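Asks: Sequence unavailable; structure follows:
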DNA sequence: GTCATTACTTACATTTTTGTTCGTTGCATA
DNA sequence: TATGCAACGAACAAAAATGTAAGTAATGAC
């Protein structure tokens, strides 16, 4: 999102992340609020204000940033209507829908893992 | 890993992450090198030096931090032998093994997504 | 003409994550 | 006696991610 200094090790190492399909996948859903947004948009079309209301604890700036990133990565579609006040709707792309069942499995695993951790 | 100031919004918002099984799951594999490590340990027991050689581009400190976090989260087991020079072996826990097939699916999805993105 | 509305944007501050460099331990070997 | 080894730890620095606070645009309602 922000400008990168070239030649930093952080940037340099990025190739090891991007070259791998798995880390590439995770990088697209790794933002703090991204999967929550994807989950909320599952099966629905929502306006920015709907998301804002749902994620009242997330600042508008963060919501915007995460939405922009998701759009850039082809996970959500943005439709802006030329109205005043503005209306913008978001919905999942097909690739994001293909991700849904995977996320459900991950969620179940997370639940089991949480139990495991509590009894240890 | 590092001390947290209480009352920061970042910390405060963490509950929305931890309360959700999905974000909880992702938080455990979200570190920069964690899944690469998990992937490398799949089906094998490896020494710290093995991992160091494999991930030559990751600093020892980062490797240590990620391993510690994985251990704390119950994804890897650490066995230290009382020898000199020291010998420490790492292997996956059962929960981590249960995660493997999921990660494979995610990886495949990542590959498809990468192709999609390139043609757009 | 003032105000409310919606979906943002900008400048800046804070917090977290990652990386750099150097040191430690205790024994074996040269 | 000096050096190398393996697996770290600690102090510090850089970079990224997230959060705070304020402002913008165009229009319709009052």
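Replies: Okay, I see it. As the structure is a computational prediction, the values presented were derived from the model and not from experiment.
Asks: alpha carbons only for contacts and neighbour counts from here, please
Replies: Will do.
Asks: Going by proximity to DNA strand D, name the top residue of chain A.
Replies: The minimum distance from chain A to DNA strand D, using Cα to the nearest atom of the strand, falls at residue A:32 (3.5 Å).
Asks: Let's verify that residue: helix, strand, or coil?
Replies: Following DSSP: H, G, I helix; E, B strand; the rest coil, we place residue A:32 in the coil state.
Asks: For it, grab phi and psi.
Replies: The phi and psi values for residue A:32, taken as degrees, to the nearest 10, are phi -60, psi -30.
Asks: quick one: pLDDT of it?
Replies: pLDDT for residue A:32: 94.
Asks: Let me see the contact set for it.
Replies: residue B:17 (Cα atoms under 8 Å, 6 or more residues apart in numbering or on different chains).
Asks: so how far is residue A:63 from it?
Replies: As defined by Cα to Cα, to the nearest Å, residue A:32 lies at a distance of 10 Å from residue A:63.
Asks: Quick check: the residue nearest the centre of chain A vs chain B, distance?
Replies: Centroid-nearest residue in chain A: residue A:34, 2.3 Å away (criterion: Cα atoms, centre = their mean). Applying Cα to the nearest Cα, to the nearest Å, the value for residue A:34 to chain B is 10 Å.
Asks: So the residue nearest to that residue when sequence neighbours are not counted: helix, strand or coil?
Replies: The spatially closest residue to residue A:34, leaving aside those adjacent along the chain, is residue A:66, at 6.0 Å (Cα to Cα, 6 or more residues apart in numbering or on different chains). Put simply, residue A:66 is helix when judged by three-state DSSP.
Asks: how near is the residue of chain A closest to DNA strand D to residue B:88?
Replies: Distance, residue A:32 to residue B:88, by Cα to Cα: 33 Å.
Asks: Next: residue A:22.
Replies: 27 Å.
Asks: which of these two has more neighbours?
Replies: Using other Cα atoms under 10 Å in any protein chain shown, the more surrounded residue of residue A:22 and residue B:88 is residue A:22, with 22 against 14.
Asks: wait, that one sits on residue B:112?
Replies: No: Residue A:22 lies out of contact with residue B:112 (Cα atoms under 8 Å); the separation is 11.0 Å.
Asks: For chain A, which segments count as helices?
Replies: Using DSSP state H, the helices found in chain A span residues A:9-18, A:21-29, A:34-41, A:48-54, A:60-72, A:94-118.
Asks: Among those helices, show the one with the smallest mean pLDDT.
Replies: helix A:9-18 (a mean of 90).
Asks: got a list of what the residue nearest to residue A:86 when sequence neighbours are not counted touches?
Replies: Nearest residue to residue A:86 in three dimensions, chain neighbours excluded: residue A:80, at 7.6 Å (Cα to Cα, 6+ apart). The contact partners of residue A:80, taken as Cα under 8 Å, 6+ apart, are A:86, A:87, A:88, A:89.
Asks: which among these end up buried?
Replies: For these, a burial check counting by 16 or more other Cα atoms under 10 Å in any protein chain shown picks out residue A:89.
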